[in-house]
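Undergrad: Generate a structure from the sequence data that follows.
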Amino acid sequence: MTSWKLNSIIELKTTEMHTAGEPVRIIESGYSEIKGTTLMEKRSFMKTNMDHIRQLLMREPRGHADMYGVILVEPDDPTAHIAALFLQNEGYSTMCGHVTMALGRYAVDKGLVKPVSPETRVNIQCPCGLVSAFVKYGKHGSGNVRFLSVPSFAFMLDVSDFRVDVPSIGEISVDIGYGGAYYAVVPASKLKVDITETPVKTLAELGGLVTKAVKKSLILTHPDNENLAFLYGTIITDGKDEFSDEPTKNVCVFAGQQVDRSPTGSGVTARIAIQYARNQILLGKKRCFSSCIDSQFFGTPVKETVCGKYPAIIVEVEGRSFYIGKSTFILELEDELNTGFLLKSALSDCVCNYHQAATVD
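TA: Residues are numbered from 1 along each chain as shown. This is a model prediction of the structure:
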């Protein structure tokens, strides 16, 4: 067996999972203290002082442009069992449904929450607020998890007086929904494509164009926290919003044309909030949502509420999360690519300075 000597300055250990095909890299050890009193302060501290951890594990060669990760921190909400910082190729998400489901199962299996059969509740403090996951346990398990969303609402429905100019498409109207993050929601037909026949790469490019157009034209606000008032991405749908027993398909494009392999938990929540505002779905009616790889989540509007001035709902989203491995990642002192790169970006933008890598803690 060949021996090899390591001169590493970083060693990070992770547990790897997926929910409906979308990766979840849970970063367990190898990083310094994430300082702050509140979760949002910790999010800001990591972004400012420890972003090399995100870059190292989300970007190539250790990750890829569509990688997704999470770091657990101590919650400041006394009702929460754990708190989460969500990581992706562009930065830090405010909510992530597929990670929430994976974390629910992880927290039970790691003993962070005492398991109860047939279902264990795990309260997770997310940057958007408290989310409760419910984990099937024992013989009822098989990876099944559901969560209850934060109050979600339709910010703006498809209206003629607000239109965005999408390059190569022209002017279109869109819906804006909130499900822990804001999404533009648009049927594929408005983008002159068929969602089932169009390559995912093309859908990603179109979704990115819509996101940029909306950001240019619309100022978002949020009743509870202005840190939540930004457009996270675009959801392209098959347009089948009227309630049906048949699945409705959508493709979520976020964070610099990153494509979610799952139907997107917060995206399903936003879509149901829009459907509910249009009387297209009733309380207690479960709807199936499928992704670009035909994996499925089930969403149900379960309770009316309010979020500031907006009529809102609580949505239950169900899916399945599975373990796929454990990893140890290192950064060697001599590695000039240090915290990695994204092939989509210009080389000058995506390769970090070697000397910076040599001094990170």
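Undergrad: In the chain, mark out all the helices, start to finish.
TA: Ranges of helices in the chain, per DSSP state H, are 39-49, 51-58, 97-109, 200-217, 265-277, 347-350, 354-357.
Undergrad: Including mean neighbour count and mean pLDDT, could those go into TSV?
TA: Heads up, the C-betas are built off the backbone N, CA and C, glycines and all. Shown next, in TSV, are the helices of the chain (neighbours: other Cβ atoms under 10 Å; pLDDT from 0 to 100):
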stretch	mean neighbour count	mean pLDDT
helix 39-49	17	97
helix 51-58	22	97
helix 97-109	28	97
helix 200-217	18	96
helix 265-277	30	98
helix 347-350	10	44
helix 354-357	14	40
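Undergrad: Same list, these, but as a markdown table with distance to Ile71 please.
TA: As requested, those are exported to a markdown table (distance: least, Cβ to Cβ, whole Å):
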| stretch | distance to Ile71 |
| --- | --- |
| helix 39-49 | 7 |
| helix 51-58 | 8 |
| helix 97-109 | 11 |
| helix 200-217 | 26 |
| helix 265-277 | 18 |
| helix 347-350 | 22 |
| helix 354-357 | 20 |
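Undergrad: mind checking which of the ones you listed is nearest Tyr178?
TA: Nearest of these to Tyr178, taken as Cβ to Cβ: helix 265-277 at 6.0 Å.
Undergrad: ok now that closest one, how far from the chain's centre?
TA: When C-alpha coordinates are averaged (Cα atoms, centre = their mean, to the nearest Å), helix 265-277 and its chain have centres 14 Å apart.
Undergrad: Output that helix as PDB, nothing but the C-alphas.
TA: Coordinates of each C-alpha in helix 265-277 appear next as PDB, following Å, rounded to 0.1, in the frame of the first residue of the first chain:
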ATOM      1  CA  GLY A 265     -39.200  22.200   0.000                       C
ATOM      2  CA  SER A 266     -39.400  26.000   0.400                       C
ATOM      3  CA  GLY A 267     -40.300  26.200  -3.300                       C
ATOM      4  CA  VAL A 268     -43.200  23.800  -2.900                       C
ATOM      5  CA  THR A 269     -44.300  25.900   0.100                       C
ATOM      6  CA  ALA A 270     -44.200  29.100  -2.000                       C
ATOM      7  CA  ARG A 271     -46.100  27.400  -4.900                       C
ATOM      8  CA  ILE A 272     -48.900  26.200  -2.500                       C
ATOM      9  CA  ALA A 273     -49.100  29.700  -0.900                       C
ATOM     10  CA  ILE A 274     -49.700  31.000  -4.400                       C
ATOM     11  CA  GLN A 275     -52.200  28.300  -5.300                       C
ATOM     12  CA  TYR A 276     -54.100  28.800  -2.000                       C
ATOM     13  CA  ALA A 277     -54.300  32.600  -2.700                       C
END
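Undergrad: sorry, back to before: right, and the helices of the chain - which one's nearest Pro23?
TA: Once the helices of the chain are compared by Cβ to Cβ, helix 97-109 is nearest, at 8.9 Å.
Undergrad: before we move on, the earlier item: right, and the helices of the chain - which one's nearest Leu337?
TA: helix 354-357 (8.5 Å).
Undergrad: of all the helices of the chain, which lies closest to Thr248?
TA: Once those are compared by Cβ to Cβ, helix 265-277 is nearest, at 8.1 Å.
Undergrad: and the gap between Gly111 and Ile71?
TA: Noted for Gly111: a distance of 19 Å to Ile71, by Cβ to Cβ, to the nearest Å.
Undergrad: what do you get for Ala80?
TA: Taking Cβ to Cβ, one finds Ala80 at 15 Å from Ile71.
Undergrad: More neighbours: which of these two?
TA: Using other Cβ atoms under 10 Å, the more surrounded residue of Ala80 and Ile71 is Ile71, with 24 against 19.
Undergrad: which residues touch that one?
TA: By Cβ atoms under 8 Å, 6 or more residues apart in numbering, the contact set of Ile71 is 26-27, 31, 34, 46, 53, 84-85, 87.
Undergrad: Try it again at 7 Å.
TA: With contact set as Cβ atoms under 7 Å, 6 or more residues apart in numbering, Ile71 has these partners: 27, 85, 87.
Undergrad: Enumerate the beta-bridge partners assigned to it.
TA: Beta-bridge pairing for Ile71 (DSSP bridges): Ile27, Leu85.
Undergrad: Quick check: phi and psi at Ala20.
TA: The phi and psi values for Ala20, taken as degrees, to the nearest 10, are phi 50, psi 30.
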